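Asker: Mind folding the following:
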Amino acid sequence: MSTDAFRYSPAIATRLYAGVPLKRGLAWIVDMMLIALLCLVVLPFTAFTGVFFFPFLMLVVGFIYRWFTIAGGSATWGMRLMGIVLRDADDRPLGSGLALAHTFGYSISMAIPPLQLISVVLMLVTARGQGLTDHILGTTAINWPN
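Answerer: Here you go, the predicted structure:
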């Protein structure tokens, strides 16, 4: 079923974007908790030396988690729980390449706090609730089409 995420203006397709910024924030919290749990599972395999570089471990595990979950279903598990998905400019789910680019853009934004702040502000004030990476890549998060 086509959602026409970009074909209709947000004023016409309000159901696609209703509550998406809040849902993205809640999804991010769920995803961070899942990533932390995955890191705790991985920790013994580092002979517990991962304790000394836990933030880096979170970065690597989080990158892989985001890339694979977005490539596999156009949403992280947190996004799926909140009922949102990512779409490209042609209203298609994100493939592996675009999921990698989206994850890389997210990681850069997280590494440079002013970029993350800009991204959050964009999500809150733009009609489609797109973050900085979304604007650059032409992607958008929408409510799961029913």
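
Asker: Can you give me the pLDDT of Leu34?
Answerer: If you check Leu34, the pLDDT there is 98.

Asker: Tell me which helix or strand Leu98 sits in.
Answerer: helix 96-111 (DSSP states H and E).

Asker: Would you mind pulling up the elements that that helix packs against?
Answerer: helix 54-73, helix 113-125, helix 132-137 (3 or more Cβ pairs under 8 Å, 6 or more residues apart in numbering; DSSP states H and E). For every residue, glycine as well, the C-beta is placed using N, CA and C.

Asker: Rebuild these as a markdown table, extending it with mean neighbour count.
Answerer: Putting those into a markdown table (neighbours: other Cβ atoms under 10 Å) gives the following:
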| stretch | mean neighbour count |
| --- | --- |
| helix 54-73 | 17 |
| helix 113-125 | 14 |
| helix 132-137 | 18 |
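
Asker: Nearest to Asp91 among those would be which one?
Answerer: When these are compared by Cβ to Cβ, helix 132-137 sits nearest Asp91, at 14.0 Å.

Asker: How far away from the center of its chain is that closest one?
Answerer: Offset of helix 132-137 from its chain centre (Cα atoms, centre = their mean, to the nearest Å): 11 Å.

Asker: How many neighbouring residues does Val140 have?
Answerer: That one is not Val; residue 140 is Thr. Neighbour count for Thr140, taken as other Cβ atoms under 10 Å: 26.

Asker: no wait, Leu16
Answerer: Considering only other Cβ under 10 Å, Leu16 is surrounded by 23 other residues.

Asker: and what of the one 4 residues further on?
Answerer: Around Val20 there are 22 other residues, counting by other Cβ under 10 Å.

Asker: Not counting residues beside it along the chain, what's closest to it?
Answerer: Gly129 (4.4 Å; Cβ to Cβ, 6 or more residues apart in numbering).

Asker: Would you list the phi and psi of the one you found?
Answerer: Reported as degrees, to the nearest 10, the phi and psi values for Gly129 are phi 60, psi 30.
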